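> Structural data only, the sequence is not supplied:
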């Protein structure tokens with residue numbers, strides 16, 4: 001059977017009183033964490049190449065996974081303060097859009113028990129995604 005198409009999952013529902021340091025194209029019903037997908041007029045391969053170039057040129061990002069056939073890329077993002085974020089992008093040839101998610105990574109990698117910081121990122125995830133969109137130069 002053909003393998004299911006890769007998707008980008010949405011942000012978790014925010015827990016009361018804690019900031020939701022996440023933005024995603026999948027959060028249509030949660031306006032505070034939703035960002036619209038990017039569109040592009042070049043080929044999907046060109047769009048993916050431009051996106052990878054924009055990520056590679058950002059010193060705060062470290063690529064952790066690239067899947068060329070799926071046009072999927074994931075990267076860790078250093079924060080200016082404590083903690084780490086993760087970004088993932090999927091360039092979809094079938095409908096000419098890029099879906100993505102940028103979110104705070106839980107602390108379980110460092111033995112932190114999987115807790116999120118509970119500290120607002122002051123829009124860092126939203127700003128990071130927007131800056132990559134502009135840097136790549138082909139996304140509407």
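Arrived safely. What you see is a predicted model, and the numbers here were worked out from it, not measured in a lab.
> where does this protein have low pLDDT?
Counting by pLDDT under 70, the chain has low-confidence residues at 1-4, 80-82, 106-117.
> what residues does stretch 75-95 touch?
6-8, 21, 40, 44, 47-48, 51, 55, 60-64, 70-74, 98-105, 107, 109, 117, 119, 121, 124-125, 128-129, 132 (C-beta atoms under 8 Å, 6 or more residues apart in numbering). No exception for glycine: its C-beta is placed from N, CA and C like everyone else's.
> Of the residues you listed, which qualify as buried by neighbour count?
Buried residues within those, defined by neighbour count using 16 or more other C-beta atoms under 10 Å: 8, 21, 40, 44, 47-48, 51, 55, 61, 71-74, 98-105, 107, 117, 121, 124-125, 128-129, 132.
> among the residues you listed, which are in helices?
With helices taken from DSSP state H, the overlap with the buried ones among the contacts of stretch 75-95 comprises 44, 47, 48, 51, 55, 124, 125, 128, 129, 132.
> Next up, the contacts around the third one.
Residues near residue 48 by C-beta under 8 Å, 6+ apart: 68, 71, 73, 91.
> and the second one, what does it touch?
In other words, residue 71. Listed by C-beta under 8 Å, 6+ apart, the contact partners of residue 71 are 44, 45, 47, 48, 90, 91, 92, 93.
> With the first one instead?
Residue 68 makes contact with residue 48, according to C-beta under 8 Å, 6+ apart.
> How much space separates it from residue 105?
Noted for residue 68: a distance of 24 Å to residue 105, by C-beta to C-beta, to the nearest Å.
> do the last one as well
Taking C-beta to C-beta as the criterion, residue 91 is separated from residue 105 by 22 Å.
> what about the strands in the protein?
Assigned strands in the chain, in chain order: 22-24, 38-39, 61-67, 72-78, 84-92, 97-104 (criterion: DSSP state E).
> This completes my enquiry, with thanks.
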